[in-house]
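Chemist: This is a predicted model, with the sequence first.
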Amino acid sequence: MVEMLVRMGRRAFLAVLLWLGATGAAFAVDPVTAPDIARILKRGTLVVVATVHNMPPLFYVDSEGRPGGIDVDLANDIAQRLGVKLEFARVAESFDDMPRLVAERKADVAIGYLSRTLRRAAIVRFTQPYVRLRQTLMLSRTKTAPLFRGSERVEVMNTPDVAIGVEAGSAYVDFTTERFPKAQVRSYPSVDSAIDDLLAGKLHGVVVDEAFSYTLNHPIPGVPGYQVPDDWALFVKVLILSGAHDPIAMAVHRDDHSWLSWLDTYIADRLDDGTLDKIINRYLGAQRP
Amino acid sequence: MNRLQWLTNPWSPVAGLVAGAVLGTWQPAIGIALAPAGETYLALMQMCVLPIIISAVTASIARLMRGDNAHALPRLALLFLGGLALSAIVAMAAGLLIQPGSGLDQNQRVYLAQEMLRHEETSGGNAGLSLWSLVQMVIPSNVIRAAADGHMLALLLFSLLLGLGLGSLGDGQGERAADLLDAFYNALIKVMGWILLALPFGLLALMAGQTAQNGIDTFLKLGRLVGTIYGMALSMGAVMVIIVALRTRLPAAQVLSRLRTTLFTAFGTGSSVASLPSALKVCESGLGLKHQTAQMVLPLGVSLYPVGNVLHVVVASLFVLQLYDLPMDLQTGLVIGIGGILVACAMSGAPGVASMTLLAMLLSPFGVPIEVAVVLLVALDPILDPILTSLNVLGNITAATMMEPASTADD
């Protein structure tokens, strides 16, 4: 599965230039401009950290090299409104890498499918969530049939006999151990490898977010997706975990107070004018509650 | 009335069916436009059937109790059970022999997987039902609501009890009530006769709508499964025709010709309930069965003797077992057989998810992903419904001829 992940730039800071911002800064750098925002404006470039992996539908580069996804659309819009260029630093090897890199000031902001968790909130400051993904359980149909017996009550999974896979270094390690404390929670280097084991009958389930399962079901044309056999749905059932949300938020350095409130204002405004819904519906379908 | 004679010609419904199928395939737009007309006609047919079932079952059970024929009820129960068990065994033998679920090619697997996704994305979460909620569907607290919800098993139970009650009344009360119910019954059968005058047109509209809406995609993709069920249904049907011929002492060709209208009604409407009046008529006037026998066996059999459904559920369960390479042993076979019978009865007597929950409770301990069987049943329904309904109705008529007291059959 690893071959499917587009790896661009490993340890080095190989930035992908995505967007030449609108001509002329939207904001003049003024002596009274908050220093954390002035820093970005003076540089003329917004540096956004993202993972090296393709993560459709939040962040991906399609077969023609064009980046796309919810995060890319948002980062573009933010850079445009700031009047600066946009640079994606695709350097994070895992999700946990992103807050670390922001804390080390390797980027101005993390807009990269990043779940807001308490553990990460001790490292960086989070904005309000721009999308709340629902957590989903991908279940082995045959292995879980004797547990569920026709119902869809996920509580039956909370026993020591049940093995649930999650992606290492992702918020789902925390979510899953919290929701299924008695089950064996196994960490995998990527969701893909966990799904491999699920299809091989070694796991009862894998906990992912709905964006992942939605993209399996509705691949984006021209985008290398997660590699699963075409008939995966014969073996795997997708169950939305009711009441379990995965808040996806942007993260900034702990000292960047003004920058954080600027982003919060941005998100609140885009929620108000419907832009956010429009972007999210474009990638996750319009039937979300 | 002479001018309308051609409407009651036994070939008219067939002509309607064929014309509808041709029209729906040739001009799908017209077929889709005709679909609401067909559905309205079906509704009109079904409208009268509920009171027919209640009055027929109640009156016939009451009469049974009064007469010397009280042992007929246990005999009928045995006959139904035996017939269903036999169908389950035959279906299982065929399913094990033909193995419709083994060795599917990639195209078929992908098709099934997509059906699963399509179905599960549109269906909400399923909280699951308990065994008791199923029992409560058969024993409702409010029989009017059960009727409104179409819970046939509940209605049958109520009619059965009412009939037993009437039968045990003294002073001719029971007879008077049964006479009254008979009057209702006969009146409704008359009304149905008028409605059935339009049958050729109704079948034309229904068939045109169905062929226009259902491509042959599923048929091509799951050919072996569909073929197995069709083959089984046809051969079981042939055996039944022979049984009816032996019991009624008519040549088999004659039996087929008399059953023609009823069977094509079942085929075109896909509803055993809607076909009931026609089946009642043919049993009494076409096959010469006693009014009493037909009136008792046929309405009960609509829900309690669904031979075609048993075939469908058993073969679909085996298909899923084979699809996932799950082991098949005696215990699994027993559960599929018995479960298939229960689920088949629930399917025709209690609409909705109830029957599927029952199937899930029985089969999931063996690791059978029941949702796959459910989707399979739903996806195949439009293609299989015509032939399976015809088999249900034919099975029912066969049971009625078997119940006919030997004395009548002999003379």
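Modeler: Perfect, thanks for sending it.
Chemist: Tell me, how many residues neighbour B:Leu73?
Modeler: Counted by other C-beta atoms under 10 Å in any protein chain shown, the residues lying close to B:Leu73 total 17. The way it works is simple: take the backbone N, C-alpha and C, and place the C-beta from them, glycine included.
Chemist: so which helix or strand takes in it?
Modeler: B:Leu73 belongs to helix B:72-98 when assigned by DSSP states H and E.
Chemist: Name the residues of that helix that are buried.
Modeler: For helix B:72-98, the neighbour count (16 or more other C-beta atoms under 10 Å in any protein chain shown) marks B:72-73, B:76, B:79-80, B:83-84, B:87-88, B:90-92, B:94-95, B:98 as buried.
Chemist: which helices and strands sit right next to that helix?
Modeler: The helices and strands touching helix B:72-98, judged by 3 or more C-beta pairs under 8 Å, 6 or more residues apart in numbering or on different chains; DSSP states H and E, are helix B:49-66, helix B:223-248, helix B:291-304, helix B:307-323, helix B:330-349, helix B:370-403.
Chemist: Format the ones you listed as CSV; extra columns: mean neighbour count, mean pLDDT and distance to B:Ala29.
Modeler: Formatted as CSV, those follow (neighbours: other C-beta atoms under 10 Å in any protein chain shown; pLDDT from 0 to 100; distance: least, C-beta to C-beta, whole Å):
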stretch, mean neighbour count, mean pLDDT, distance to B:Ala29
helix B:49-66, 23, 87, 32
helix B:223-248, 18, 92, 26
helix B:291-304, 25, 89, 35
helix B:307-323, 27, 91, 31
helix B:330-349, 20, 86, 33
helix B:370-403, 24, 87, 19
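Chemist: With distance to B:Ile32 as extra columns, can I get the ones you listed in JSON lines?
Modeler: As requested, the helices and strands packed on helix B:72-98 are exported to JSON lines (distance: least, C-beta to C-beta, whole Å):
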{"stretch": "helix B:49-66", "distance to B:Ile32": "27"}
{"stretch": "helix B:223-248", "distance to B:Ile32": "23"}
{"stretch": "helix B:291-304", "distance to B:Ile32": "30"}
{"stretch": "helix B:307-323", "distance to B:Ile32": "27"}
{"stretch": "helix B:330-349", "distance to B:Ile32": "27"}
{"stretch": "helix B:370-403", "distance to B:Ile32": "14"}
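Chemist: Can you say which of those helices is nearest to chain A?
Modeler: The closest of the helices and strands packed on helix B:72-98 to chain A is helix B:370-403. By C-beta to the nearest C-beta, the value is 5.6 Å.
Chemist: quick one: is that closest one near chain A?
Modeler: Yes - residues of helix B:370-403 contacting chain A under C-beta under 8 Å from any C-beta of the partner chain: B:370-372.
Chemist: closest point of the stretch 301-411 of chain B to chain A, which residue?
Modeler: In the stretch 301-411 of chain B, no residue comes nearer to chain A than B:Ala360, which is 2.5 Å away by C-beta to the nearest C-beta.
Chemist: close enough to count as contact, that residue and B:Val372?
Modeler: No - applying C-beta atoms under 8 Å, one finds B:Ala360 not in contact with B:Val372, separated by 11.0 Å.
Chemist: Quick one: neighbours of residue 30, just the number.
Modeler: Looking at chain A here, since you left the chain open. Neighbours around A:Asp30, by other C-beta under 10 Å: 9.
Chemist: actually chain B
Modeler: When neighbours are counted by other C-beta under 10 Å, B:Ile30 comes out with 14.
Chemist: I'd guessed it sits against B:Gly209; true?
Modeler: No - the pair B:Ile30 / B:Gly209 is not scored as a contact, 9.7 Å apart, by C-beta under 8 Å.
Chemist: Name the residues contacting each of those two.
Modeler: Shared contacts of B:Ile30 and B:Gly209, defined by C-beta atoms under 8 Å, 6 or more residues apart in numbering or on different chains, comprise B:Gly24.
Chemist: count of residues packed around the residue lying closest to A:Pro129 once chain neighbours are set aside?
Modeler: Among residues not flanking A:Pro129 along the chain, A:Pro247 sits closest, at 3.6 Å (C-beta to C-beta, 6 or more residues apart in numbering or on different chains). By the criterion of other C-beta under 10 Å, A:Pro247 has 16 neighbours.
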